[in-house]
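Visitor: With the sequence up front, the predicted model follows.
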Amino acid sequence: MIGRLAEVDPVLGELEEELGSLNSPKTVKPCTLALIFKQDRSKVLLGYKKRGFGVGLYNGFGGKIQHEESALEGAKRELEEESGLTSEDLVKIGILYFEFESDPVILTAHLYTSDRFNGVPVETEEMRPEWFDINNIPFTKMWNDDKYWFSFAVENKPFIARFSFKSDLKTIVRHNINFVDPQLLNEVPIWYPKS
Ligand SMILES: COc1nc(N)nc2c1ncn2[C@H]1C[C@H](O)[C@@H](COP(=O)(O)OP(=O)(O)OP(=O)(O)O)O1
């Protein structure tokens with residue numbers, strides 16, 4: 001698989017080399033992120049993060065992929081844990097790579113969407129769910145990268161993106177977004193952290 005991201009974009013190729021190299025000082029935190037839409041895609045369910053990384057921001061539902069778990073398995077588990085919803089129809093729509101100044105960790109988010117789900121959203125210890133009109137997304141209360149890619153997820157345009165943040169976790173110093181064949185999203189490895 002090494003080389004596929006480089007074919008898409010040299011900036012992603014650098015990342016692939018770093019993550020694939022045994023000698024790289026970089027390590028990875030693979031996560032999932034799920035956006036749930038009403039069936040007519042008029043509204044999206046976001047969660048207000050009550051604790052941990054991204055506290056005080058609205059986001060999709062997700063968290064760390066466990067060892068040997070697939071991204072899809074992790075996405076389903078995290079969705080249920082954080083929102084009370086289940087979905088057998090999560091579709092992978094993107095991969096987001098996040099780097100932070102002076103931090104060796106590259107956080108990856110495997111992004112899924114679905115407009116078919118079971119259950120009623122419930123508040124959990126981590127998230128308070130809330131439906132938002134698709135034309136009124138609270139970008140000022142979300143991670144700053146979201147405004148760059150959110151519409152692609154809504155419109156079902158598969159993409160891979162890379163964002164470099166300053167250590168303030170707000171300022172984006174570099175970003176790039178590539179539209180890709182959806183097949184590629186399932187071929188890119190998760191790159192579990194080295195133990
Ligand atoms: C830096 O920019 C980010 N933007 C967006 N939109 N989402 C992000 C960003 N950084 C992280 N995320 C997402 C990815 C995951 O869904 C969560 C992080 O998960 P969490 O902090 O909950 O991770 P863990 O504490 O390991 O999760 P669990 O304890 O739930 O496994 O935020």
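Guide: The structure has been received and is ready for your questions.

Visitor: what's the longest helix in this structure?
Guide: helix 71-83 (DSSP state H).

Visitor: what mean pLDDT would you report for it?
Guide: Mean per-residue pLDDT for helix 71-83: 97.

Visitor: how far out from the middle of the chain is that helix?
Guide: Offset of helix 71-83 from its chain centre (Cα atoms, centre = their mean, to the nearest Å): 12 Å.

Visitor: go on, stretch 116-132?
Guide: 17 Å.

Visitor: How about stretch 40-58?
Guide: That offset, for stretch 40-58, works out to 12 Å (Cα atoms, centre = their mean).

Visitor: My read is that residue 20 contacts residue 106, right?
Guide: No. Using Cβ atoms under 8 Å, residue 20 is not in contact with residue 106; the gap is 11.8 Å. C-beta: built from backbone N, CA, C; applies to glycine.

Visitor: the more surrounded of those two?
Guide: Neighbour tally, residue 20 and residue 106, criterion other Cβ atoms under 10 Å: the higher count belongs to residue 106, 22 against 14.

Visitor: give me the element that one is part of.
Guide: According to DSSP states H and E, residue 106 maps onto strand 105-114.

Visitor: in its sheet, what does whatever helix or strand comes next after that strand sit against?
Guide: Remark: after strand 105-114, the chain's next helix or strand is strand 127-133, criterion DSSP H and E. Next to strand 127-133 in the sheet, as set by DSSP bridges, lie strand 43-49 (antiparallel).

Visitor: Report the inter-axis angle for the partner strand versus strand 105-114.
Guide: Counting by axes from the mean of the first three to the mean of the last three Cα atoms, to 10 degrees, strand 43-49 lies at 150 degrees to strand 105-114.

Visitor: Strand 43-49 - what's its average pLDDT?
Guide: 98.

Visitor: Let me see the residues that make contact with that strand.
Guide: 35-38, 55-61, 82-83, 85, 121, 126-134, 137-138, 142, 154 (Cβ atoms under 8 Å, 6 or more residues apart in numbering).

Visitor: surely residue 28 meets residue 103?
Guide: No. When contacts are counted by Cβ under 8 Å, residue 28 is not listed as touching residue 103 (11.8 Å).
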